[in-house]
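K.L.:
what follows is a predicted structure for the sequence shown.
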Amino acid sequence: MSGTGPFGGSRNVLFGIVRLASGRADGIVQFGNSVQAFLGSLAPLIAFPLVGGGLMLAEGRGLSALSEMLATFCALLAPPVLSYWLARRWGREALWLRFATAFNWCQWAIPVATAALLLFAGLLMRLGLSNTASGLVVVLGLAGYGLWLHWFVAVKGLQVSAIRSALLVFIVNFGTAVLVAGPGLLALGLGSGVHSNG
């Protein structure tokens with residue numbers, strides 16, 4: 001994740017992830033500000049659903065595999081599209097590629113945070129906290145950290161105010177959720193309506 005290529009000679013993506021994930025603003029300079037760097041950050045995120053979809057297709061689950069792959073690609077591509085729209089409106093278009101590249105790479109901090117929270121929840125259960133409460137700690141902690149990381153990367157990457165960054169986080173996450181879950185919920189609602197009329 002370092003060296004020449006899309007990230008530049010002196011940049012180290014892993015170092016940048018660690019710095020940003022721990023709240024260090026200087027981590028943003030470790031990410032490239034080019035189309036090549038952005039595509040390089042997106043490729044690993046796309047590879048996993050492609051492999052998963054291929055395995056599902058091999059098992060004969062064609063329609064289900066296609067549906068899940070499309071939903072995953074939508075979840076991956078909606079954030080850059082929505083954030084680019086906001087960056088253009090705010091006059092931060094020149095900074096967007098570095099922000100989007102950093103955002104993609106920082107998604108790999110989430111599994112690490114999940115593991116840490118699970119260990120913490122295990123400790124809480126040993127101290128007597130119920131399974132339900134421990135699970136809630138994990139869910140809320142992970143959601144809070146993920147939203148904060150998105151907000152922090154936007155503040156440092158796009159150089160916008162805390163309020164604008166919070167607005168970006170809301171629009172991107174809400175818009176992505178609607179695009180991913182909306183068609184399925186609409187189909188479910190239409191199906192229920194057809195059955196009730198029948």
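P.N.:
Nice, thanks for sending it over.

K.L.:
could you measure from the residue sitting nearest the centre point of the chain over to residue 60?
P.N.:
For the chain, the residue nearest the mean C-alpha position is residue 107 (5.2 Å; C-alpha atoms, centre = their mean). According to C-beta to C-beta, to the nearest Å, residue 107 and residue 60 sit 31 Å apart. Quick note: C-beta positions are derived from backbone N, CA and C, even for glycine.

K.L.:
OK, contacts around the residue lying closest to residue 27 once chain neighbours are set aside?
P.N.:
Using C-beta to C-beta, 6 or more residues apart in numbering and skipping the chain neighbours, the partner closest in space to residue 27 is residue 19 (2.8 Å). Taking C-beta atoms under 8 Å, 6 or more residues apart in numbering, we find residue 19 in contact with 25, 26, 27, 30.

K.L.:
where does residue 19 land on pLDDT?
P.N.:
Note for residue 19: predicted pLDDT of 97.

K.L.:
please, which helix or strand holds it?
P.N.:
helix 13-21 (DSSP states H and E).

K.L.:
which strands or helices does the next helix or strand along the chain from that helix pack on?
P.N.:
Next helix or strand after helix 13-21 toward the C-terminus (DSSP H and E): helix 35-58. On a contact count with 3 or more C-beta pairs under 8 Å, 6 or more residues apart in numbering; DSSP states H and E, helix 35-58 meets helix 62-89, helix 93-106.

K.L.:
buried deepest among these, which one?
P.N.:
Compared across those, helix 93-106 shows the largest average neighbour count, a mean of 22 (mean count of other C-beta atoms under 10 Å).

K.L.:
quick one: the helix or strand following that helix to helix 13-21, angle?
P.N.:
Using DSSP H and E, the next helix or strand after helix 93-106 towards the C-terminus is helix 109-126. Between helix 109-126 and helix 13-21, the angle comes out at 50 degrees (axes from the mean of the first three to the mean of the last three C-alpha atoms, to 10 degrees).
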